[in-house]
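In: here's a sequence, model it:
(chains A, B, C, D and E, ligands or ions: 4)
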Amino acid sequence: MLNFLTYFVNGISLGSIYAIIALGYTMVYGIAKMLNFAHGDVIMIGSYIIYTSMVTWGLDPLLSIVIAAAGCTVLGIVTEKVAYKPLRGAASSLAVLITAIGVSYLLQNLALLIFTANPKSFSSVVSWDGISLAGGELKIQGVTIITIITSLIVLLALQTFIKKTKQGQAMVAVSEDKGAAALMGINVNKTISLTFAIGSGLAAIAGALLCSAYPNLTPYTGAMPGIKAFVAAVLGGIGSIPGAMIGGLLLGIIESLSKRYISTQLSDAIVFSILIIVLLVRPTGLLGKKVQEKV
Amino acid sequence: MKFTKQTKRDLYTCVMVILFYVVIQVLDKAGVLSFHIKGLLVPLCYYSIAAVALNLVVGILGDLSLGHAGFMCVGAFSASLFSVAVKESGMPAGLRFLTALIIGTLMAALFGFLIGIPVLRLNGDYLAIVTLAFGEIIKNFLAAVYLGYDEEGLHVAFKSFQLKGEGKMLINGAMGIQGTPTDSTFTISIVILLLALFAIQNLVNSRAGRAIMAIRDNRIAAEAVGINITKYKMLAFTVSAAIAGTAGVLFSHNTSTLTASSTYFGYNVSILILVYVVLGGIGNIRGSIIATAILYILPELLRGLNSYRMLIYSIVLIVIMLINWAPAAIAFRERYGIRAFIGRKRENSGKEVS
Amino acid sequence: MCAMLSVNNLSISFGGLRAVDDFNIEIEKGELYGLIGPNGAGKTTVFNLLTGVYRPDEGRIFLEDRNITGLDTVEINKAGIARTFQNIRLFKDLSVLDNVKIGLHNIFTYPTISGILRLSSYFRIEKEMDERALELLKVFDLEKEKDSFAKNLPYGKQRKLEIARALATGPKLLLLDEPAAGMNPNETGELMDTIRFVRDEFDMTILLIEHDMKLVSGICEKLSVLNFGSVLSRGKTSEVLNDPEVIAAYLG
Amino acid sequence: ATGTAPAAQGEAASGSSGGEAFKIGGIGPTTGAAAIYGSDVRDAMQIAVDEINADGGINGYQIEYKFEDDEHNAEKAVNAYNTLKDWGMQMLIGTVTSAPCIAVSEKTKEDNMFQLTPSGTAVNCVQYDNAFRLCFSDPNQGSASADYIAGNDSLKGSKIAIIYDSSIEYSTGIHDSFVARASELSLDVVSDTSFTTDSNTDFTVQLQSSKDAGADLLFLPIYYQEASLILQQADSMGYAPVFFGVDGMDGILGVENFDTSLAEGVYLLTPFSATAQDELTVNFVKKFKEMTGHIPNQFGADAYDAVYAVKAVCEAQNVAPSQSVSDICEAMKKGMTEIELGNVLTSPTSITWTAEGEPNKDPRAVIIKNSEYVLAE
Amino acid sequence: MLEIKDLEVSYGMIKALKGISFRVDEGEVIALIGANGAGKTTALHTITGLLPAESGSIRFDGVELTKVPAHKIVAMGMAHVPEGRRVFANLSVLQNLRMGAYTRSDRDEISRNLEMVFSRFPRLKERQNQLSGTLSGGEQQMLAMGRALMSSPKIILMDEPSMGLSPILVNEIFDIIEKVKADGTTVLLVEQNAKKALSISDRGYVLETGRIVLEGKASELLNNEQIRKAYLGE
Ligand SMILES: Nc1ncnc2c1ncn2[C@@H]1O[C@H](COP(=O)(O)OP(=O)(O)OP(=O)(O)O)[C@@H](O)[C@H]1O
Ligand SMILES: Nc1ncnc2c1ncn2[C@@H]1O[C@H](COP(=O)(O)OP(=O)(O)OP(=O)(O)O)[C@@H](O)[C@H]1O
Ligand SMILES: [Mg+2]
Ligand SMILES: [Mg+2]
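Out: Numbering: from 1, shown residues only, chains lettered A, B, ... in the order given. Ligands and ions are numbered 1, 2, ... in the order given. From the prediction side, this is the model:
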């Protein structure tokens, strides 16, 4: 039992990281209706900013995160303006997906030139060691706890923002019908920019936590977590913010338990199989709304 | 016989490919082709084939698949397995390769069919993620499996094992399949590209193709006029997977080593093929080929830029996408009568009404 | 001889809302029948039930003497019911001709493989399909637009194309959901002629939903009025339209 | 960093171009996830080439050097190879990673071009007689590691756990031969887990399994990037076995900002130590650091030695750039098996080669003490 | 109040408006009628900034609108009931209505407005928590009207508001338009139901393939022989 709990807790640690990334992902995904394949790379850029300000300039971790969040926000807004906005109203939504891939390549290769391929070991932004239970047998790391708390705060903040504020409702309207939203007096461009700003700012926070938990930073650090977050977001139900959180945690737990009890070699395959099964049972993810088209 | 506009357009596509082949052959005979260019020809063909296949799903059926590299993987592995197994049996190379092609294609078709079953129940991005997942599972599985035979028969496991006596390792885990004969030639690849074009274009312009496009345009209406959604989605998916599998066979018989790594068969490769399709025009078969040619050759042309190579490539990719797809750019082009860079629009038998 | 369509005690609920409640109707072959009623009364839902888009909670549907209750949309279409939609559903990125040819999908068939390999049956049957589709387009005065994308047609022509496509499937019973919506009186007049023509020429039974009283009183022989999911009144058009209850609930 | 390429056309292919300088090509990943290995090789080779050229070249001929990116992709590697052929390459030092190396070796075989891979460890990299390698092969490292453990008094009784990357050839190759050899030596392997490149950040499950199995020696036939994460995660779990790595572990001390105290006591079999104090190493490390800003690992060292190996053989066989590619290859093949290459970075003794292309050199077991590599025993 | 001059609009190569001019004075109800595809919807879309004007001018209260983005135009007091309703399908009826008051911040005013809308459309009150995507066509039309009224606009542009409504509701809609007018709101009305539209309008314009071909007092137009033939079906 204790054994199981250990793996379960490991799964939660991993899952909490997926969750915090998935929250930012789902934000952009749900509102701007685009698969932002560059999200993982924004996380990577955020991590490099934190690394630079913490290690190279010796700044305080919190201040570094603020700087990174600001940097990523700007990055998010700029990429949106330059690469995504011109494609608004394009004949296919796949067009913007492809430029997002272009942006992803761009960020990776930019980082490769600036920071080189040499890996950097990240200094954790969380200095707390965590707690030990069951006489030290079960250890929950500080990063994990902070990550879960942060993602819960982000979750609540996002939910409140979207449900309760005008800006948030504007986002929902824009995601449904941009033209009709404009007719309500909503500034569509500003709203989408804001979405990217928030999503990218969250990416910086996710980057800080990701790299604190797994302190190895290279230009490709963001790619795989980006995809896993996408999977988590879909598992939880596209556009559903609590879904992203649950999807992320579940993904981590499934990954951890299947590594332990089935196979380390095939764990990716198992995770993906479970995803498929879940989607077969619930075709719109765990918390996804079932939108039936009225005929 | 009178050709319809569409038939003519399809024929032009084939003529374009044949012309390309002839020009290359002439240049080759004249000795002006560099090794670099010659080496690019076969990959160009199989990526074109894969792009054309994916276009059937993305452009014609209107579903987003992020797992076509998985079908290439199935085709590549099953065919290579066969080729390696019979390599020393004295089977004539031509017959061996033909059989390998058929095996790879059929295996990929089978997987396409199996994957098609869940695909039918899902829509949009959920579908995309399931195809991505399938691609990853296939890759993950093949990278973990060991297959070999010895005097005691066939062995399969997820851990390496020792073979007794005169045995041979066929699939060696992450090391994959070694020693596939390099049977893929430019001529064969072009022939297969033409066959793929023939099959897909004819399919699209037949009763079945119209049914598939009807599902894309309005699923509910398609059902209401009596189109069996399941059947035609399956058909499109299976045919597409089969052709992607053929591309995989050409892939694995082009270099002697075959490993199921992300580099060749990961989701990023599926996405790369999707990039070709979207850039060339969703539903535009000819565009897929042209876009593949441009995007595959571009990073190779940029080799002189060294470290800046992939950076420039990514910028060029974004810029081409904007030029080709941004409404403002399209309006500009239409106003000044410039033709699309590659051909964004679905080129169908339709003219605009004023 | 049995009726073309007879529906017994049809009901369906969405959540708490009983959208169709114990609905009955009987339509004889060759009739031009109107289904009217206030917005949200459940008319479109009846169509959806008849065509298998929704499965009824209760009730049975017979087409001639065949029980088609619970069949799926495709089967129902094959059995002989075709429809148009309130919010137009064309194959927008296909040509007008192809839209109709898709309607002919189950009428003219050849194996997929002969399409891929371009065997002779492909050419023969495609030619027949083209001819038949053009005939239909002519009925709706659409043959000049045969090569346009459906999405580029003006609204009124889109409605006509939808009817043509439905007819192409060779139905016994045609369901039209607000065919005159968005048309001006002149266009509506033409449409009335076309509907009559279709009924006579194709020997068709037609059930239509419409709010345009000019059209309803002009071409419908019988009417059923739906209110809150159940039938408020039915009978000869002139009688129904003078029913005080109908006037109060619907006509105003 | 590379020579300029003349517009290469058909005739360059015959192999006897100008004859003024040796044209040596290199191939490896300089973009993509494996970029770190390829860039190090590229830069280290550049250092060696510059040194040799400044010193008067090989047999009085200068070296022209060009390096092409393969993104750690066999198909791109072949494209890179063809580009280099168009340029007029006469000898190839590459490729850096195994799968691309095998694919390219098919081509060098066809062209009978001499190939020396600095770091292609898979067996098949040198399956043809024109191909040699400077590094150890995978099985060699796997069985050498098992041998070392069995022969070391403090390690031999250990309960051994293994964590390896099942999705790459390098790691599985070493793993497989280690396991085979370990069972011959009746070493006690209690846990054998893996990960894939797609999930190479979280190792808690593998570590926990090792811990649960009571392992006190953890064999890590993987690259140092992942190893650095494993060390960190083991540390925060409070799990402290003896870590034992192979040459991929080299470089761990060079990870920027890495808490090197975590690596205290790590054993690794490596041919190279950046902290060695001999003149050659010191000089190389200094130049490399000036050029790239970081400390070289064995990839760079192998590449550096490879250039000097080519120089030595060319001089011994009196090879001239005017010879055809094939003639050069024949001479080099012969020379490689005859040469004894001394004063190298990657071996304490001199290196000789077998006709199969394998180097004879002694792996050095080193142990990390005070953030430095110290020869074990 | 609203003055359109020589407005030209194209969709790519297709010229949908070939230079139209008309004006709407404060407090008026103006009917814009014309056959399918004449360009009525295009005109409304251009006025509210959903489509860019190619040339010409649109002045609203003396302000040039052609370069002003849609959301600012709305904030200036113009509401638009779009063709095809375009309600936010995944939002509830109530949320849709609140969205209509996006540009306003006075809570009391908004809730009074909401009451007003509910009293005009009791069905919306009944269904206030239903997702609007599942409303019947007529219900959605009411919602679109209600939503536009929630911004308490100075001028309201309506694109075929009677489409798909039952006769009783059509009458009701026209009653509401008259009430809206009575409240002092100006209305620009696009309708297929030309007879009804003209009967409640002050003036009218007839659009044919991108050009205004006729204009005048509504009562005159109603009696115009040409119009009676072409649009009133007589
Ligand atoms: N899928 C659904 N989920 C929930 N409610 C639904 C659904 N479909 C229809 N309804 C409700 O059922 C009732 C009947 O809808 P229906 O579309 O049949 O009306 P209708 O008579 O066609 O009206 P109209 O003339 O306005 O088109 C409406 O109140 C509608 O909101
Ligand atoms: N998005 C578009 N792309 C291309 N052409 C368009 C587009 N929208 C409208 N058109 C064309 O512009 C012309 C005017 O259309 P518009 O929708 O303004 O007409 P309308 O008068 O509102 O007609 P209706 O009564 O059908 O609503 C038509 O010929 C139409 O085909
Ligand atoms: Mg209806
Ligand atoms: Mg209109």
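
In: residues in contact with E:His80?
Out: A:Leu183, E:Leu44, E:Ile47, E:Thr48, E:Val74, E:Ala148, E:Ile156, E:Leu157, E:Met158, E:Asp159 (C-beta atoms under 8 Å, 6 or more residues apart in numbering or on different chains). Every C-beta, even on glycine, is put in place using the N, C-alpha and C of the backbone.

In: for residue 170, what is the enclosing helix or strand?
Out: Picked chain A for this. For A:Ala170, the host element (DSSP states H and E) is helix A:166-176.

In: let me rephrase: I mean chain D.
Out: helix D:169-184.

In: near chain B too, which of the contacts of E:His80?
Out: On the criterion C-beta under 8 Å from any C-beta of the partner chain, none of the entries of the contacts of E:His80 sits beside chain B.

In: quick one: which of those sit in strands?
Out: Residues of those located in strands (DSSP state E): E:Ile156, E:Leu157, E:Met158, E:Asp159.

In: let me know the pLDDT of residue 32.
Out: The chain I'm using is chain A. In this model, A:Ala32 is scored at 85, pLDDT.

In: ah, I was thinking of chain E
Out: 93.

In: just D:Ala13 next, same as before
Out: In this prediction, D:Ala13 has a pLDDT value of 36.

In: likewise B:Val52?
Out: Per the predicted model, pLDDT is 96 at B:Val52.

In: count of neighbours near C:Glu221?
Out: With neighbours defined by other C-beta atoms under 10 Å in any protein chain shown, the count for C:Glu221 comes to 15.

In: what residues are up against the spatially closest residue to it that is not a sequence neighbour?
Out: Spatial nearest neighbour of C:Glu221, chain neighbours left out: C:Leu32 (5.2 Å); criterion: C-beta to C-beta, 6 or more residues apart in numbering or on different chains. Each residue near C:Leu32 by C-beta under 8 Å, 6+ apart is listed here: C:Ile195, C:Arg196, C:Arg199, C:Ile206, C:Leu208, C:Ile219, C:Cys220, C:Glu221, C:Lys222.

In: the residues you listed into a markdown table, with extra columns for pLDDT?
Out: Formatted as a markdown table, the contacts of C:Leu32 follow (pLDDT from 0 to 100):
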| residue | pLDDT |
| --- | --- |
| C:Ile195 | 93 |
| C:Arg196 | 93 |
| C:Arg199 | 93 |
| C:Ile206 | 96 |
| C:Leu208 | 94 |
| C:Ile219 | 93 |
| C:Cys220 | 94 |
| C:Glu221 | 94 |
| C:Lys222 | 94 |
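
In: of all these, which comes closest to ligand 1?
Out: C:Leu208 (12.2 Å; C-beta to the nearest ligand atom).

In: chain center to the lowest-mean-pLDDT helix or strand in chain B, what's the gap?
Out: Within chain B, no helix or strand scores below helix B:327-336, which has a mean of 80 by mean pLDDT, DSSP states H and E. Helix B:327-336 sits 31 Å away from the centroid of its parent chain (C-alpha atoms, centre = their mean, to the nearest Å).

In: then that helix to PDB, C-alphas only?
Out: Provided in PDB are the C-alpha atoms of helix B:327-336 (Å, rounded to 0.1, in the frame of the first residue of the first chain):
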ATOM      1  CA  PRO B 327      -6.900  37.200 -46.100                       C
ATOM      2  CA  ALA B 328      -5.200  40.500 -46.600                       C
ATOM      3  CA  ALA B 329      -2.600  38.900 -48.800                       C
ATOM      4  CA  ILE B 330      -5.200  37.100 -50.800                       C
ATOM      5  CA  ALA B 331      -7.200  40.200 -51.300                       C
ATOM      6  CA  PHE B 332      -4.100  42.000 -52.500                       C
ATOM      7  CA  ARG B 333      -3.200  39.200 -54.900                       C
ATOM      8  CA  GLU B 334      -6.700  39.100 -56.300                       C
ATOM      9  CA  ARG B 335      -6.800  42.800 -56.800                       C
ATOM     10  CA  TYR B 336      -3.500  42.800 -58.700                       C
END
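
In: so what's the residue count around D:Ala320?
Out: 16.

In: chain neighbours aside, what residue packs nearest to it?
Out: D:Asn59 (6.3 Å).

In: isn't the one you found right up against D:Cys314?
Out: Yes. Contact criterion C-beta atoms under 8 Å: D:Asn59 and D:Cys314 qualify, at 6.2 Å.

In: pick out whichever of these two has more residues nearby.
Out: D:Cys314 (25 against 14).

In: name the nearest residue to the more buried one, sequence neighbours excluded.
Out: Using C-beta to C-beta, 6+ apart, the nearest residue to D:Cys314 is D:Ile58, at 4.9 Å.

In: any idea how far that neighbour lies from ligand 1?
Out: Separation of D:Ile58 from ligand 1 (C-beta to the nearest ligand atom, to the nearest Å): 81 Å.
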